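[1] sequence first, then the predicted structure:
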Amino acid sequence: MGNMNKRHILLHGLMAVALAVLALAGCRNTPPAPPLTVGTPFPPLTLGQQADNALRMPALQGKLLVLNVWATWCPPCRREMPGLERLSRALDAQRFAVVGMSTDRDENLASEFLMQNNISFVNFFDRNGELAKKWGMQVYPETFLIAPDGTLLRRVAGFREWDSPEVMAELETLYQQRKGGGRPHVK
């Protein structure tokens with residue numbers, strides 16, 4: 001058998017394997033989760049903190065939640081963290097909560113980044129980015145603005161100057177429009 005025939009057979013074999021893999025990749029045991037849509041309830045979460053503690057509901061009751069999903073490998077994420085820190089310090093802690101969720105595989109790397117940059121607002125870990133995938137995230141960072149009653153108010157994809165007067169006024173307006181609602185869907 002010549003080299004040309006061997007290559008031809010090998011190429012057909014590889015194509016058959018690739019097609020089989022693609023066919024199987026489309027199979028799912030469970031249907032995909034519905035996309036996160038503005039105006040609908042944000043899905044319930046269990047967030048593991050750096051020390052693997054659960055986020056306590058009373059800490060978020062009646063507050064507008066600014067949930068920022070980030071990673072250390074993302075330059076815009078790293079660039080916007082100081083603005084989120086300033087925002088967390090400027091907002092009324094009785095009415096607002098800024099929370100970060102890292103999708104880094106290495107929690108130590110993310111924790112080190114937070115310490116080196118004096119980021120003090122609460123940060124959690126989405127191990128292996130499972131929630132980010134489930135939520136259909138395609139751009140990092142992405143921030144979810146969640147009303148006190150758990151309704152998703154906004155999805156903000158990409159970098160943003162979070163401590164600008166315009167953003168702070170927008171958050172105040174959103175809170176005033178939605179205040180008094182129930183509890184965020186975080187447990």
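    On my side now, so go ahead.
[2] before we move on, what SS does L109 have?
    helix (DSSP: H, G, I helix; E, B strand; the rest coil).
[3] could you pull out the strands in the protein for me?
    Here the chain has its strands, by DSSP state E, at 48-49, 64-70, 96-102, 123-125, 142-146, 152-157.
[4] would you turn those strands into CSV with distance to L131, mean neighbour count and mean pLDDT?
    (Each C-beta comes from the backbone N, C-alpha and C, glycine too.) Below are those laid out as CSV (distance: least, CB to CB, whole Å; neighbours: other CB atoms under 10 Å; pLDDT from 0 to 100):
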stretch, distance to L131, mean neighbour count, mean pLDDT
strand 48-49, 11, 14, 52
strand 64-70, 8, 24, 95
strand 96-102, 7, 24, 94
strand 123-125, 10, 23, 89
strand 142-146, 11, 22, 95
strand 152-157, 14, 16, 94
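[5] just so I know, which of these lies nearest M115?
    strand 123-125 (10.7 Å; CB to CB).
[6] okay, now the sheet partners of that closest one, with direction.
    strand 48-49 (antiparallel), strand 96-102 (parallel) (DSSP bridges).
[7] export the last one to CSV, keeping only CA atoms.
    Coordinates of the C-alpha atoms in strand 96-102 are reproduced here as CSV (Å, rounded to 0.1, in the frame of the first residue of the first chain):
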residue,chain,number,x,y,z
PHE,A,96,-26.8,48.1,48.1
ALA,A,97,-24.4,45.2,48.0
VAL,A,98,-21.4,44.8,45.6
VAL,A,99,-20.5,41.2,45.2
GLY,A,100,-17.8,39.6,42.9
MET,A,101,-17.7,36.1,41.5
SER,A,102,-14.4,34.9,40.1
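[8] okay, the angle between it and strand 64-70?
    Going by axes from the mean of the first three to the mean of the last three CA atoms, to 10 degrees, strand 96-102 is angled at 20 degrees with respect to strand 64-70.
[9] quick one, strand 96-102 and strand 142-146 angle?
    Using the same axes, to 10 degrees: strand 96-102 against strand 142-146 is 150 degrees.
[10] what segments of this structure are helices?
    Assigned by DSSP state H, the chain shows helices spanning 3-25, 75-90, 107-116, 130-134, 165-178.
[11] just to revisit the earlier point, tell me which of the strands paired with strand 123-125 lies nearest to W70.
    Taking those one by one with CB to CB, strand 96-102 is closest: 5.9 Å.
[12] contacts for that closest one, please.
    Strand 96-102 is contacted by residues 47, 55, 59-60, 63-72, 81, 84, 87-88, 91, 110, 114, 119, 121-126, 131, 171, 175 when judged by CB atoms under 8 Å, 6 or more residues apart in numbering.
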